[in-house]
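Asker: Structure for this input, please:
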Amino acid sequence: MFVAVPTSHEAGRRLKGSSSITHDGGALDDERREEKEEKSSSPSANKQAQEGTSRGLDTSDIWRILSNTLLIALGLVLIGVQASWALLLTFIVVYLQSLNISLEGAGVIASMALISAIISAPLIGGFYDRAVKNARKILVICGAGISISFAAMSSQIMPVIIISVISIGFFSGGAFTLAYAIARRMRIIISSTTGSDVHEQKDRNDDNSPELEPRRGEEEKHDKSKDKMPDYSALNIAWINGLSLLGILWMPLVFSFTVKSWAGYPGAWLLSAILVALFVFIPLQKVAK
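Answerer: Numbering: from 1, shown residues only. Alright, predicted model coming up:
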């Protein structure tokens, strides 16, 4: 009977293999132990990050947003911008036909406003993000450009009308972009002790503005004295957009009545210029920089 006795070389190789297995197993145990320690030692950041959204839908908070004076003022500003857009696209073709312009030519001129708005929206939005510290100044320029363009529409001179249509589209596109950007960055903080609301304008370019809204994925430090609301930025945008649409319901009727019974198209365009200026400049004084 023969018994196989391993040589010293084979025994050493087996011992080396067993030691490597033991080493790998220890490394795996260390990695698992580190993962457990990370999960257990992580602070209550996840709980704090979800603290704002765990409250659910609070009707009292929503009412404070809907009654916020800054948002209402911004919605009134947007009424003037929305009015310029609605009146131009509604009556420009009929107006050009009254000046003996063909239907095809009237359609081409009307489309110039859309093209210029597509171009101006990213341009003015990027200019606001990178260069300008005061969004109110840009809105003032846009409102002045829209009003002057409407007044120029009453001249009944075709080159002036074409330039006015392009200008209205250009300034309206930029004003829409800024209004929605301001509404998105606006936060209303509810005091847990007094119930009063504090209005904060999150303007990334204003050195005097409150601290910036954190980016997605970043943790936000909560003040223990205040309970921050969930993110209602979409509600802010929807609210000012709804206000602007409700505010212009009567304007096409007034424009048509002015054309038919009072001063014709020149008077209607001048009246539109005055209405846009009123709705943009007066409430804009309450909109934060």
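
Asker: All the strands of the protein, in order from the start?
Answerer: 186-191, 197-201, 226-227 (DSSP state E).

Asker: Apart from its chain neighbours, what residue comes closest to residue 75?
Answerer: residue 243 (3.2 Å; Cβ to Cβ, 6 or more residues apart in numbering). Just so you know, the C-beta spots here come from the backbone N, C-alpha and C atoms, and that holds for glycine as well.

Asker: and the gap between the one you found and residue 72?
Answerer: 7 Å (Cβ to Cβ, to the nearest Å).

Asker: between these two, which one's more packed in?
Answerer: residue 243 (21 against 16; other Cβ atoms under 10 Å).

Asker: Check whether the more buried one really touches residue 79, as I assumed.
Answerer: Yes: using Cβ atoms under 8 Å, residue 243 makes contact with residue 79 at a distance of 6.8 Å.

Asker: what comes into contact with stretch 146-159?
Answerer: Stretch 146-159 is contacted from outside by 80-81, 84, 87, 95, 99, 101, 160-161, 163-165, 167-168, 171-172, 175, 265-267, 269-270, 272-274, 276-277, 280, using Cβ atoms under 8 Å, 6 or more residues apart in numbering.

Asker: go on, stretch 101-113?
Answerer: Stretch 101-113 has contacts (Cβ under 8 Å, 6+ apart) with 88-89, 92-93, 96-97, 158, 161-162, 165-166, 168-169, 172.

Asker: Show me which residues of that stretch are buried.
Answerer: 101, 106, 109-110, 112-113 (16 or more other Cβ atoms under 10 Å).

Asker: Repeat that for stretch 236-245.
Answerer: Quick answer for stretch 236-245 (16+ other Cβ under 10 Å): 236-237, 239-241, 243-244.

Asker: what pLDDT, on average, does that stretch get?
Answerer: Averaging the model's pLDDT scores along stretch 236-245 yields 92.

Asker: contact partners of that stretch?
Answerer: Outside stretch 236-245, the residues touching it (Cβ under 8 Å, 6+ apart) are 65-66, 71-72, 74-76, 78-79, 81-82, 179-180, 183-184, 186.

Asker: Show the buried residues in the residues you listed.
Answerer: 65, 71-72, 74-76, 78-79, 81-82, 179-180, 183, 186.

Asker: how about the residues you listed, which pair is most distant?
Answerer: Distances among those were taken as Cβ to Cβ; the most separated pair is 65 and 81, at 21.2 Å.

Asker: now could you export just the CA positions of stretch 241-260 as PDB?
Answerer: Output in PDB follows, covering the C-alpha atoms of stretch 241-260 (Å, rounded to 0.1, in the frame of the first residue of the first chain):
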ATOM      1  CA  ASN A 241     -48.800  82.400 -15.700                       C
ATOM      2  CA  GLY A 242     -52.500  81.900 -14.700                       C
ATOM      3  CA  LEU A 243     -52.700  85.500 -13.600                       C
ATOM      4  CA  SER A 244     -51.300  86.800 -16.900                       C
ATOM      5  CA  LEU A 245     -53.800  84.700 -18.900                       C
ATOM      6  CA  LEU A 246     -56.700  85.900 -16.800                       C
ATOM      7  CA  GLY A 247     -55.600  89.500 -17.000                       C
ATOM      8  CA  ILE A 248     -55.600  89.600 -20.800                       C
ATOM      9  CA  LEU A 249     -59.100  88.100 -21.400                       C
ATOM     10  CA  TRP A 250     -60.700  91.600 -21.800                       C
ATOM     11  CA  MET A 251     -57.900  93.200 -23.900                       C
ATOM     12  CA  PRO A 252     -58.800  91.800 -27.300                       C
ATOM     13  CA  LEU A 253     -62.400  93.000 -26.800                       C
ATOM     14  CA  VAL A 254     -61.200  96.500 -25.900                       C
ATOM     15  CA  PHE A 255     -58.900  96.500 -28.900                       C
ATOM     16  CA  SER A 256     -61.700  95.400 -31.300                       C
ATOM     17  CA  PHE A 257     -64.100  98.000 -29.800                       C
ATOM     18  CA  THR A 258     -61.400 100.700 -30.200                       C
ATOM     19  CA  VAL A 259     -60.800  99.800 -33.800                       C
ATOM     20  CA  LYS A 260     -64.500  99.700 -34.700                       C
END
